[in-house]
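Asker: build the 3D model from these lines:
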Amino acid sequence: MLVSRIPRTLAALLAGASLAVAGIIMQTFVRNRFVEPGTTGTAECAALGILATTLFIPAAPLFLKMVISSGTALAGAAVFMLLVRKLPPTQPLLVPLTGLIYGATIFAATEFVAYEYDLLQYLSVWMAAEFSGVMQGRYELLWVSGAVAVLAYFFADRFTIAGFGQETAIGLGLNYRQILIIGLCIVALITSFTIITVGMIPFVGLVVPNIVSRYRGDNARETLPLIALLGGTLVLASDLIGRLINYPYEIPVGVVFGVLGTVVFLWLLFAKPARNG
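Answerer: The predicted structure follows:
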């Protein structure tokens, strides 16, 4: 229980909660409901940082890998924000499309380098999350990810104001650039910590904030705890499904949540908006 079961459960809850929080931060800054770290190139840049560390500093400690991965993830998120500013505001679907192309380009380059150096297996582990290897002493980095997600709550009101746009936020007295940097740092840290520990889980940062926003509105301070709770719960449920559906074999949680996330996302697109009473 203490060595495997409880750490695995906590890892699923922490990863799901923190990725959901990262998703709502990205959506707030970009002002688009169709983005998350996995569709903005942030996750791909984090994986690129880990790969570069593995190639050039193979004996690097975990902390150094975390720092380099967070740095590349932050750079990737910043480049995406610059790209979004060049897009016409009347075409919101161009934002996720640009993110997908941007992320796919980075991942293609990363995959090519991994192929050349026989590291494709490592790359697949980083980009497809699974919890079978989670044990005591091998998941604790996710506690830091959870702490960073909690930190986001204290900036929730400022993130909401930043979501009104740069000019409006500055007019309301907000230091827009500072809040943008803080938010992107939180997203980069969460993404890199998750990838290093368990791999990237798709759709968590996309689906969960949309579900909560649909029924509870866009007040970040009010919805952030619900987003974290739902994200952790859904990832834990996906892990349980992956363990039971083909027992004694396991299906990675990234695959299970990817399928469920696709179904839920299509429902969100075509279902009628909920009305708050």
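
Asker: need the contact list for the residue lying closest to Ala12 once chain neighbours are set aside.
Answerer: Closest residue to Ala12 apart from its sequence neighbours, by CB to CB, 6 or more residues apart in numbering: Leu236 at 4.2 Å. Bear in mind the C-beta positions are built from the backbone N, C-alpha and C, glycine included. Counting by CB atoms under 8 Å, 6 or more residues apart in numbering, Leu236 touches Thr9, Ala12, Leu13, Gly16.

Asker: look up phi and psi at Gly261.
Answerer: phi -60, psi -40 (degrees, to the nearest 10).

Asker: would you map the helices across the stretch 151-277 of the chain?
Answerer: 156-162, 166-171, 176-197, 204-216, 220-244, 253-270 (DSSP state H, counting those that start in this stretch).

Asker: least reliable of these going by mean pLDDT?
Answerer: Here the lowest mean pLDDT among these goes to helix 253-270, at a mean of 80.

Asker: elements contacting that helix?
Answerer: helix 204-216, helix 220-244 (3 or more CB pairs under 8 Å, 6 or more residues apart in numbering; DSSP states H and E).

Asker: export only the CA atoms of that helix, formatted as PDB.
Answerer: Taking Å, rounded to 0.1, in the frame of the first residue of the first chain, the C-alpha atoms of helix 253-270 are listed here in PDB:
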ATOM      1  CA  VAL A 253      -3.900   6.300 -18.800                       C
ATOM      2  CA  GLY A 254      -2.900   8.700 -21.700                       C
ATOM      3  CA  VAL A 255      -4.700   6.400 -24.200                       C
ATOM      4  CA  VAL A 256      -7.800   6.000 -22.000                       C
ATOM      5  CA  PHE A 257      -8.100   9.700 -21.300                       C
ATOM      6  CA  GLY A 258      -7.400  10.500 -24.900                       C
ATOM      7  CA  VAL A 259     -10.400   8.400 -26.000                       C
ATOM      8  CA  LEU A 260     -12.700   9.700 -23.200                       C
ATOM      9  CA  GLY A 261     -11.500  13.200 -23.800                       C
ATOM     10  CA  THR A 262     -12.300  13.100 -27.500                       C
ATOM     11  CA  VAL A 263     -15.900  11.900 -26.700                       C
ATOM     12  CA  VAL A 264     -16.400  14.600 -24.100                       C
ATOM     13  CA  PHE A 265     -14.900  17.300 -26.300                       C
ATOM     14  CA  LEU A 266     -17.200  16.400 -29.100                       C
ATOM     15  CA  TRP A 267     -20.100  16.600 -26.700                       C
ATOM     16  CA  LEU A 268     -19.000  20.000 -25.500                       C
ATOM     17  CA  LEU A 269     -18.900  21.200 -29.100                       C
ATOM     18  CA  PHE A 270     -22.400  20.000 -30.100                       C
END
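
Asker: tell me where the stretch 51-200 of the chain has strands.
Answerer: In the stretch 51-200 of the chain, no segments count as strands under DSSP state E, counting those that start in this stretch.

Asker: so where's it shaky on pLDDT?
Answerer: Under the criterion pLDDT under 70, the flagged ranges of the stretch 51-200 of the chain are 137.

Asker: so where does the nearest residue to Gly205 once chain neighbours are set aside fall, helix or strand?
Answerer: If the residues on either side of it in the chain are set aside, Gly205 comes closest to Gly23, at 2.1 Å by CB to CB, 6+ apart. Secondary structure from DSSP states H and E places Gly23 in helix 5-30.

Asker: for that helix, packing partners?
Answerer: helix 62-85, helix 141-154, helix 156-162, helix 176-197, helix 204-216, helix 220-244.

Asker: just how off-centre is stretch 35-50 within its chain?
Answerer: Relative to the centre of its chain, stretch 35-50 is centred 8 Å away, using CA atoms, centre = their mean, to the nearest Å.

Asker: which of the residues in that stretch are buried?
Answerer: Of the residues in stretch 35-50, those with enough neighbours to count as buried (16 or more other CB atoms under 10 Å) are 35-50.

Asker: and stretch 87-94, by the same measure?
Answerer: In stretch 87-94, the ones that count as buried by 16+ other CB under 10 Å are Leu87, Leu94.

Asker: stretch 253-267 too?
Answerer: Result for stretch 253-267 [16+ other CB under 10 Å]: buried residues Val253, Gly254, Val255, Val256, Phe257, Gly258, Leu260, Gly261, Val264, Phe265.
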